[in-house]
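**Student:** Give me coordinates for this.
(one chain, ligands or ions: 1)
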Amino acid sequence: MKESPEADPSEKIETSKQERQPVVDEDRRGFLGSAAVASMLGGLAVGYGAFASHAIRFLYPANVGESIWQFVCTLDQLKINESMPFTMPSGAKIVVARQAEGETADAFIALSSICPHLGCKVHWEAANDRFFCPCHNGAFDAQGAPTEGPPASANQYLMRYPLSVDRNLLLIEVPVDAVNVSNAGETA
Ligand code: FES
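**Tutor:** Residues are numbered from 1 along each chain as shown. Next up is the predicted model:
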């Protein structure tokens, strides 16, 4: 009996393989397409998530206006008319001085050691009972009020920082956000 070409089994297998091939390619394409879409959506979610996080932190910053008390020195470390430098977590330079005997914060003062005129460094002159800025002969009294030079003309005071005493410890008030910035810088 003569077999028709369609009856050849090997041809059927070949035909069958050729017919199946596009199905496999389409499955792969579908999978790759899904993976690309998932990857893109994941990237968008991460990107928008980070943006939303920054936006929320910008709009609702934590601990705004809150402060903590930070150790400066023990009371007996500063004798009357002595001063010491102190650096705030924000980097602000301060001078802390004892102006009277006593165990209360009123005996001390903490003032910025940066001149409000053009930013030079002021220093305490115990003999003249004043803070002096050598850049333009600016001067301030013991409470940080301007008395001479450009700061006096512009009525520019040295910035004053609150102090407190806890047992034998002199403490200074520090904004919490300055502490957070400082810690972030240390861990970076
Ligand atoms: S910078 Fe202090 S007086 Fe000018």
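**Student:** The ligand contacts on the chain?
**Tutor:** Counting by CB under 6 Å from any ligand atom, the residues of the chain close to the ligand are 115, 117-118, 120, 133, 135-136, 138, 149-151. All C-beta spots, glycine's among them, are computed from the backbone N, C-alpha and C.
**Student:** one more time with 5 Å
**Tutor:** 115, 117-118, 120, 133, 135-136, 138, 149-150 (CB under 5 Å from any ligand atom).
**Student:** Lys79: which of those is nearest?
**Tutor:** The closest of those to Lys79 turns out to be Cys133 (CB to CB; 24.6 Å).
**Student:** Bridged to the closest one, which residues?
**Tutor:** When assigned by DSSP bridges, Cys133 has beta-bridge partners Gly138.
**Student:** Check the gap between it and Thr104 for me.
**Tutor:** According to CB to CB, to the nearest Å, Cys133 and Thr104 sit 29 Å apart.
**Student:** Between those two, point out the one with more neighbours.
**Tutor:** Between Cys133 and Thr104, counting by other CB atoms under 10 Å, Cys133 is the more crowded of the two (26 against 11).
**Student:** what residues are up against the more buried one?
**Tutor:** Cys133 sits next to 115, 117, 120-122, 139-140, 149, 151 when contact means CB atoms under 8 Å, 6 or more residues apart in numbering.
**Student:** Those, buried ones only, as a PyMOL selection?
**Tutor:** Buried members of the contacts of Cys133, defined by 16 or more other CB atoms under 10 Å, are picked up in PyMOL with:
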select buried, resi 115+117+122+139+140+149+151
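**Student:** Please flag which of the contacts of Cys133 sit within helices.
**Tutor:** Secondary structure from DSSP state H places 149, 151 of those in helices.
**Student:** Is it possible to get CSV of the contacts of Cys133 that adds distance to Val96 and pLDDT?
**Tutor:** What follows is the contacts of Cys133, written out as CSV (distance: CB to CB, whole Å; pLDDT from 0 to 100):
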residue, distance to Val96, pLDDT
Cys115, 17, 96
His117, 22, 97
Cys120, 19, 96
Lys121, 15, 93
Val122, 13, 92
Ala139, 19, 98
Phe140, 15, 97
Gly149, 23, 97
Pro151, 20, 98
